[in-house]
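# Sequence first, then the predicted structure:
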Amino acid sequence: MRGGWVERGTVMIRLSRPHFAFYRGYLDGLELGSLARRYLETVIGLENAADDLRVAKSSVKWIRDQLMIAARRSPRPSHARLFDLPPEKLNVQYARAVPSLEDFREERDPYEVYSEEDLIALFQDEYGSGSSKPDRRIERNARLRTKQMYALFQLEEQIAADPQLSDGVDGWLDPAIARRLRDAGVHTLGQLIEGINGFGYRWYTKIPKIGAKAAAQIAKWLSQPSVTAALGVGLNTRALTPRRDLPPALLSPPPPRTAIVPLERFLAPAALDGSQGLNRGDRALLSARNDMEAINAWLTTRKPGGHSVRSYRKEAERFLLWAIMEKRKPISSLSVEDCTDYRDFLWALGRTPPAEWAQRHQIPQAAWIGKRGTERWSEYWRPFSGKLLESSQKTALVIVQTFCEWLTDQHYLHGNPWKGVASLAKRRGKIDTSHALTVAEWQSVKEYLATLPPDDRYYRLRFILVLAYSTGLRLSELASLRKSALKAFTRSGESGEYWQIVVLGKGNNEREVELNRVVMDELRHYFARRGHPSFDSVPNEAPLIAALPSPGDTGIADDPLTVFRIYRILKRFFEKVANALPGADAEKAARIRQASTHWLRHTFATHALENGMGLEVVRDLLGHKSLDTTSVYINTDRDRRSREMEEFGNRSIL
């Protein structure tokens, strides 16, 4: 973009003292790359010295243009011509100072060993006869260089203002970047520093259309000593260091406190910890002394590391925080009326105007809602990321009902207060399409994928997309797949071999999901890229989705990826797809930017239905049988379903 930070090599639009220090070094003939790395934020993210030099030169041009504009507006407009003289044209050569003959004798012949003739001859050998006149060009260039430095010093005192926390971001940063920050609610440098420190190294993911390179330049500028001294506050270690490089001390949680914080950082007041709850049972089968310990005991009964335990922890966390912070009661003292209030709280959150909310609740609505994906260590973490869909509300209520029922079964609670609460009405026989990519949006995803370089990263991404889109598997199911989950079968009356995956889904229930030929071809090619000589040679424990090999590693890449890594890979990819769309497709870009692995699951369902696959078949493939007993699909015609999957894949995948 013409005139933008990409062209001038800096996100800054205003000269600060580091820019003047950089330009002084340039006038003195110092190496530009080193100067840029020391004083400017322009070389972040560049891959080689040629790129460093390129952006350093662009910075020289931009600073010179700014200096000439400022000089023309100053009381000495003639100084503008001085900045148009590059240092290589002046070529200043500073001559050595010539001492007097007496000083020379004192330095070289303090004991008067030489005769006067010999001393004069030695003096002339070192300094010449002293009768030649100095070069007028050298003298002129030296005067111009002195004037240059003086003019630079004068302008620095006039225009090199120090940044202040109250300064607007549009006064210092590129207009396009400043506009995106303001759209996200960041208006001043103080708010920018607070946000970066709060969200950490990847803070820019919370600001639409700001990438890693621009974010790194902003962070480096804010962390320069002169800027930090002027602002009086700097960026913390989490803001400047990737999570993988953080010291262990920073990864440990801070001391617990009574506030809306994650479960591991929450401190329940002694009067509200549940140890003396009004609904406590007799002769409990648990050793838990309070509600927090009861929650931890319940979570330990679930499969560790699975998707379910994360969902259960999230809902128990929300329920506990609401009970203590909003109702001022422990869980073991909640009544039927309190549980009804929590049900209504979930529905009203994010939907109620602030004034109306304040009339019914103790804690402001904004205190419960934060940005999705915020790290749990951050002060910006909140239990909710916005209003809950009806399906999410229903899931939350089912989980807390199950939790209280379990506590009742263990005699920790005398009774389950949720039994007297009417839950949300069930919607039967429907597939949620609000979080599904349309055919046109999926086409944009495929078109962008085709532009990527065909390396190992590309083929891994391609396989993840194909597998997730064509099967509708959950994120946790994708991460847990091994080659042993693949099973071959034949269709009735046919000799060809077909494949399916045996998936262990929610509730440890197994289901079979057919794979069409496109998916199997992608899998074979992906295994070959990872170093396996043939499909049959792949060990059964090999993950279907693996981490990339380390640099220089020539072995087989079979280390599995976690659910978090798969999620981030797809989120970054969808962000790039959205950024690549033209401005006329802003609505499409906004939807693709929201997409995730769960969106691919919904996309599979909607596109399969549009391709003529039956609702019962789709719900069975998604593992939804347990959610609606009126739509249980009995697999009596696997051949028909297999042909439907084959047809769906031939029409819709890559």
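Okay, I see it.
# Where does Tyr111 sit: helix, strand or coil?
Under DSSP: H, G, I helix; E, B strand; the rest coil, Tyr111 falls in the coil class.
# Need phi/psi at it.
Per-residue torsions, Tyr111: phi -100, psi 10 (degrees, to the nearest 10).
# before we move on, what about Leu486?
phi -80, psi 130.
# Give me the pLDDT for it.
Looking at Leu486, its pLDDT is 90.
# Tell me, how many residues neighbour it?
18 (other CB atoms under 10 Å). Where C-beta positions appear, they are placed from N, C-alpha and C, glycine not excepted.
# For beta bridges, what are the partners of it?
Ile501 (DSSP bridges).
# so Asn279 sits right up against Gly415, yeah?
Yes: contact status for Asn279 versus Gly415: in contact at 6.6 Å, counting by CB atoms under 8 Å.
# For those two, indicate the residue with more neighbours.
Asn279 (21 against 13).
# now Lys314, nearest residue through space, not along the chain?
Pro383 (7.7 Å; CB to CB, 6 or more residues apart in numbering).
# Where do the helices of the stretch 301-450 of the chain begin and end?
In the stretch 301-450 of the chain, the helices defined using DSSP state H, counting those that start in this stretch lie at 307-321, 336-348, 354-360, 390-409, 439-449.
# quick one, strands of this structure?
486-489, 498-504, 510-515 (DSSP state E).
# Mind checking the ones you listed for the one nearest to Ser444?
strand 510-515 (25.0 Å; CB to CB).
# Please name every helix or strand in contact with that closest one.
Packing contacts for strand 510-515, counted by 3 or more CB pairs under 8 Å, 6 or more residues apart in numbering; DSSP states H and E, involve helix 456-471, strand 498-504, helix 615-622, helix 638-652.
# how deep is the residue nearest to Lys314 tucked in, by neighbour count?
22.
# ditto for the one 5 residues further on
By the other CB under 10 Å criterion, the neighbourhood of Leu388 contains 17 residues.
# Surely it touches Leu346?
Yes: the pair Leu388 / Leu346 is scored as a contact, 5.7 Å apart, by CB under 8 Å.
# joint contacts of those two?
Ala396 (CB atoms under 8 Å, 6 or more residues apart in numbering).
# just to revisit the earlier point, any chance of the helices of the stretch 301-450 of the chain in TSV, with mean neighbour count, distance to Asn236 and mean pLDDT too?
Below are those laid out as TSV (neighbours: other CB atoms under 10 Å; distance: least, CB to CB, whole Å; pLDDT from 0 to 100):
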stretch	mean neighbour count	distance to Asn236	mean pLDDT
helix 307-321	19	25	91
helix 336-348	17	34	93
helix 354-360	11	31	90
helix 390-409	18	34	92
helix 439-449	16	36	89
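# quick one, which of those helices is nearest to Glu88?
So among the helices of the stretch 301-450 of the chain, helix 439-449 is nearest, using CB to CB, at 44.7 Å.
# now that closest one against helix 456-471, angle please.
160 degrees (axes from the mean of the first three to the mean of the last three CA atoms, to 10 degrees).
# Flag the shaky bits of the stretch 451-600 of the chain, pLDDT-wise.
Along the stretch 451-600 of the chain, the model assigns pLDDT under 70 to residues 491-493, 495, 507-508, 551-554.
# in it, which spans are helices?
Going by DSSP H, counting those that start in this stretch, the stretch 451-600 of the chain shows helices at 456-471, 475-480, 517-529, 563-580, 586-594, 597-610.
# Buried residues, the third one. List them.
Neighbour-count burial for helix 517-529, counted by 16 or more other CB atoms under 10 Å, picks out Val518, Val519, Met520, Glu522, Leu523, Tyr526, Phe527, Arg529.
# and the residue nearest to Lys314, what does it touch?
Contacts of Pro383 by CB under 8 Å, 6+ apart are Ile260, Lys314, Glu317, Arg318, Leu321, Trp368.
# Closest one to Ala121 out of those residues, please.
Nearest member of the contacts of Pro383 to Ala121, counting by CB to CB, is Ile260, at 88.9 Å.
# right, and the closest one touches Trp368 too?
Yes: between Ile260 and Trp368 a contact is recorded at 6.8 Å, counting by CB under 8 Å.
# neighbours around the nearest residue to Pro77 once chain neighbours are set aside, how many?
For Pro77, ignoring the flanking residues on the chain, the nearest one in space by CB to CB, 6+ apart is Ala71 at 6.3 Å. If you count neighbours by other CB under 10 Å, Ala71 ends up with 24.
# In terms of pLDDT, where does Ala71 sit?
We have a pLDDT of 80 for Ala71.
# How about Ser58?
Ser58 is given a pLDDT of 80.
# burial measure for it, as a count.
17.
# Roughly how far does it sit from Leu32?
10 Å (CB to CB, to the nearest Å).
# cool, Arg108 as well?
The value you get for Arg108 to Leu32, if CB to CB is used, is 41 Å.
# Please say which of the two ends up with more neighbours.
Between Arg108 and Leu32, counted using other CB under 10 Å, Leu32 has the larger neighbour count: 20 against 14.
# Just list the residues touching that one, thanks.
Counted by CB under 8 Å, 6+ apart, Leu32 has contacts Tyr26, Leu53, Ala56, Lys57, Val60.
# Then Ile13?
Trp172, Leu173, Asp174, Pro175.
# Would you state the predicted confidence (pLDDT) at it?
75.
# now do Val632
So Val632 comes in at 31 (pLDDT).
# Distance from the chain centre to stretch 279-297, please.
38 Å (CA atoms, centre = their mean, to the nearest Å).
# And this protein, what are its domain boundaries?
164-217+233-250, 253-420, 439-652 (automatic domain parsing).
# possible to save the ones you listed as a markdown table with distance to Ala21?
Putting those into a markdown table (distance: least, CB to CB, whole Å) gives the following:
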| stretch | distance to Ala21 |
| --- | --- |
| domain 164-217+233-250 | 17 |
| domain 253-420 | 34 |
| domain 439-652 | 34 |
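# Arg14: which of the ones you listed is closest?
It is, among these and with distance given as CB to CB, domain 164-217+233-250, at 5.2 Å.
# Return the distance of that closest one from the chain's centre.
On the basis of CA atoms, centre = their mean, domain 164-217+233-250 sits 12 Å off its chain's mean C-alpha point.
# got it, and stretch 241-257?
Distance, stretch centre to chain centre, for stretch 241-257: 17 Å (CA atoms, centre = their mean).
# Now it - C-alpha only, PDB.
Once non-C-alpha atoms are left out, stretch 241-257 reads as follows in PDB (Å, rounded to 0.1, in the frame of the first residue of the first chain):
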ATOM      1  CA  THR A 241       8.900 -13.600  25.000                       C
ATOM      2  CA  PRO A 242       7.100 -16.500  23.300                       C
ATOM      3  CA  ARG A 243       5.400 -18.800  25.800                       C
ATOM      4  CA  ARG A 244       7.800 -21.700  24.900                       C
ATOM      5  CA  ASP A 245      10.800 -19.500  26.000                       C
ATOM      6  CA  LEU A 246       9.300 -18.200  29.300                       C
ATOM      7  CA  PRO A 247      11.200 -19.200  32.500                       C
ATOM      8  CA  PRO A 248       9.300 -21.600  34.700                       C
ATOM      9  CA  ALA A 249       8.800 -19.000  37.400                       C
ATOM     10  CA  LEU A 250       6.500 -17.000  35.000                       C
ATOM     11  CA  LEU A 251       4.500 -20.100  34.100                       C
ATOM     12  CA  SER A 252       3.400 -20.800  37.600                       C
ATOM     13  CA  PRO A 253       0.100 -19.200  38.700                       C
ATOM     14  CA  PRO A 254       0.200 -16.100  41.000                       C
ATOM     15  CA  PRO A 255      -1.200 -16.300  44.500                       C
ATOM     16  CA  PRO A 256      -4.900 -17.100  44.700                       C
ATOM     17  CA  ARG A 257      -7.400 -14.300  45.300                       C
END
